[in-house]
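structural data only, the sequence is not supplied:
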C-alpha cells in the first residue's frame with residue numbers, strides 16, 4: 001500500500017522509524033560518508049552521531065544543503081539525508097535541487113517524509129531514491145502502532161535492504177501491520193483535516209502578541225513557501241507547526257501544561273492534537289549550541305494538529321498563551337527578549 005501511495009516499485013516495513021534509519025545506514029560500508037540536513041529528528045541525530053560513527057560511517061551536517069552540498073561531497077560520500085519539512089523547525093528543502101547535485105556523483109538521496117505523509121508529498125517524484133516514514137505517525141494515524149517503512153524503485157536496494165531487514169530482525173508485528181493498513185485507508189481524510197486545523201492555528205498564533213515567530217509552510221510568510229507550492233499537494237502545509245513563545249523555556253513548558261485539548265506528548269500525526277517542547281523532549285539529547293544554531297530554541301513549542309474542530313483548537317491555544325505568558329512574567333521566570341530568544 002505504501003509503495004502505491006509513494007509511487008514506488010518496492011516498500012519494506014520495519015519495526016520502527018528508527019529501525020528503518022538504522023537499516024539504511026547499515027547498508028553502507030565502513031568508511032562511507034553521509035551528508036545530512038542539520039535540523040533532523042533527535043533520534044536520527046543520535047543515531048548519526050553515536051551509532052553510525054561507531055560503525056565507521058561519518059555524517060556531515062549542513063543547514064543549507066541546497067546551497068553547499070557540492071562543497072561537502074567527497075569520494076566517500078554515498079548518501080544524502082533530508083527531512084522536509086524538518087523537525088521541529090519546519091524548514092523545507094528543494095528535493096530536486098539536492099537530488100540533481102547528488103546524482104552527478106552517483107550518491108543516493110533519502111527523504112524522511114514523516115511530517116507530511118504520502119498524501120501531501122511524494123519525494124520520489126522529485127528525484128529522491130528512497131523515502132522513509134515513521135508509520136507510527138500519519139500513515140497509521142491512531143497512536144497505537146510502532147512501525148517504519150522505506151519505499152524506493154531500485155531492485156538492488158530491495159535486495160540489500162531486505163537482507164538486512166531479515167538478518168537484523170527489524171520487522172513489525174502482524175498486528176501492527178494490520179493496524180497500519182487500517183489507518184492508511186483514512187490517511188487522505190485525516191491529512192486534509194489536519195492541514196485545515198494547522199493553518200487555522202498557525203494564523204491565530206501569527207496574530208498573537210505573545211508569539212515571537214511561527215514556523216508553518218502553509219503560511220505565505222514562510223521563507224520556503226515557494227517550495228511548498230512546488231512539492232506539496234495543492235501547496236498544503238500539513239498538520240505540523242512550531243512557534244516561539246515570549247517568556248522563554250518556562251513559558252513554553254507552562255503553555256503545554258495549560259492546553260485543554262492538546263495533549264503533552266512527543267509523538268505526532270494522530271487524530272488527537274499534541275504539543276511538546278523540543279528542547280527538553282524530542283531534541284533534548286542535542287547540545288544546546290547545536291540546537292540553537294538551527295532554530296531549536298528553549299522557547300520553541302511544537303504542535304501536531306489532529307482532527308478536532310478548528311475553532312476549539314484556536315480557542316485552546318489562545319487561552320493557554322495568555323495564561324502561560326502572564327503567569328511566567330508574574331513569577332519572573334523569563335521575560336521578553338531573554339531565556340531562549342535570539343541573543344540569549
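Looks like it arrived, so ask away. Nothing here was measured: the structure is a model prediction, and the numbers come from that model.

contacting residues for residue 65?
35-37, 80, 82, 93, 98 (Cβ atoms under 8 Å, 6 or more residues apart in numbering). From N, CA and C alone the C-beta is placed, and that goes for glycine too.

separation between it and residue 71?
For residue 65, the distance to residue 71 (Cβ to Cβ, to the nearest Å) stands at 10 Å.

before we move on, the earlier item: and of the contacts of residue 65, the nearest to residue 192?
Residue 192 lies nearest to residue 93 out of those, by Cβ to Cβ, at 23.5 Å.

buried ones in stretch 44-56?
By neighbour count on 16 or more other Cβ atoms under 10 Å, the buried set for stretch 44-56 is 44-49, 52.

for those residues, which one is nearest residue 3?
Using Cβ to Cβ as the measure, the one of those that approaches residue 3 most closely is residue 44, at 22.6 Å.

what's the neighbour count on residue 3?
17 (other Cβ atoms under 10 Å).

so in terms of bridging, what pairs with the closest residue to it other than its chain neighbours?
With sequence-adjacent residues excluded and distances taken as Cβ to Cβ, 6 or more residues apart in numbering, residue 3 is closest to residue 11, at 3.8 Å. Listed by DSSP bridges, the beta-bridge partners for residue 11 are residue 151.

look up how far residue 67 lies from the closest residue to residue 45 other than its chain neighbours.
In space, and not counting its chain neighbours, residue 45 is closest to residue 286: 5.6 Å by Cβ to Cβ, 6+ apart. For residue 286, the distance to residue 67 equals 22 Å [Cβ to Cβ].

which of those two has more neighbours?
residue 286 (22 against 10).

from the contacts of residue 65, which land in strands?
Residues of the contacts of residue 65 located in strands (DSSP state E): 35-37, 80, 82.

ok, residue 219 - how many residues close by?
19.

tell me who's in contact with it.
199, 202-203, 206, 225, 237.

sec struct for the residue nearest in space to the middle of the chain, please.
In the chain, the C-alpha nearest the mean C-alpha coordinate belongs to residue 87, at 3.6 Å (Cα atoms, centre = their mean). Following DSSP: H, G, I helix; E, B strand; the rest coil, residue 87 is assigned to coil.

that one reaches residue 38, doesn't it?
No. The pair residue 87 and residue 38 fails to qualify as a contact (Cβ atoms under 8 Å) at a distance of 11.5 Å.

ok, now which ones touch the nearest residue to residue 306 once chain neighbours are set aside?
Leaving out its chain neighbours, the residue that sits closest to residue 306 by Cβ to Cβ, 6+ apart is residue 273, at 4.1 Å. Residue 273 sits next to 197, 261-263, 303-306, 308, 313 when contact means Cβ under 8 Å, 6+ apart.
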